[in-house]
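Enquirer: show me the folded form of this:
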Amino acid sequence: MRKNYYLHLPSNFLIMKQLFLLALLMLGFSGNSQSVVQSVNSGSLITPGSTISVGEIVVVPQNQNQSNSGIIGLLAQTQQTLEVPQLELGGKITVFPNPTTASVSFKTDTDLLNEKVSIYNLSGQLISKKQIGTNNSLDLTELQAGVYLIQFNNKKIKSFKIIKR
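Expert: Numbers count the residues shown, from 1 in each chain. As a prediction, the model looks like this:
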């Protein structure tokens, strides 16, 4: 005769196990949330000479004599694209319109027809190589919206930023 070595558990054991794990999970969440509040309230104050990072929660004291009262804030960083209606590079060349939707024109004393330029993104990757067209203009219609660096290959004109919308 064979012996049965399987463990027989009551039917409510699985329900009890699930409730126990759920309670343990909730206890872990409440413990973590309390520790965050305690660490913020226990001395994350901005004082002269303090260094903080983007995304860090800080307390700015309202009264210099009371370090445990203040305004809780979150440091955020935003990047804004500036509009440059006209850009003069060393008094030799003017670039317009900037920002542009299609092409940019160059106003200069010399004719730039067939001058070669390289177009880079802000990561320094070469996007395109082009030639200046008629009327000293550069066609940018195939570029996506963004900020680009234009560099003349003759190195006589400094690199500059163009905003493409």
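
Enquirer: quick check: next helix or strand after the lowest-mean-pLDDT helix or strand in the chain?
Expert: One helix or strand of the chain scores below all others by mean pLDDT, DSSP states H and E: strand 87-89, with a mean of 51. Where DSSP states H and E defines the elements, the next helix or strand beyond strand 87-89 is strand 93-96.

Enquirer: who does the helix or strand that comes right after that next one touch, helix- and strand-wise?
Expert: Under the assignment DSSP H and E, the closest C-terminal helix or strand after strand 93-96 is strand 103-108. Applying 3 or more C-beta pairs under 8 Å, 6 or more residues apart in numbering; DSSP states H and E, one finds that strand 103-108 contacts strand 93-96, strand 137-139. In short, each C-beta sits where N, CA and C put it, glycine included.

Enquirer: so which of these is the most packed in?
Expert: strand 93-96 (a mean of 18; mean count of other C-beta atoms under 10 Å).

Enquirer: show me where the protein has helices.
Expert: Per DSSP state H, the chain carries helices over the ranges 13-41.

Enquirer: how does it divide into domains?
Expert: What the record gives for the chain is the domain set 13-74, 87-164, from automatic domain parsing.

Enquirer: among those domains, show the one with the smallest mean pLDDT.
Expert: Mean pLDDT per stretch puts domain 13-74 lowest among the domains of the chain, at a mean of 59.

Enquirer: nearest to Leu19, out of the helices and strands packed on strand 103-108?
Expert: Of all these, strand 137-139 sits nearest to Leu19, with 68.3 Å by C-beta to C-beta.

Enquirer: that closest one: partners in the sheet, and parallel or antiparallel?
Expert: Applying DSSP bridges, strand 137-139 is found paired with strand 103-108 (antiparallel).
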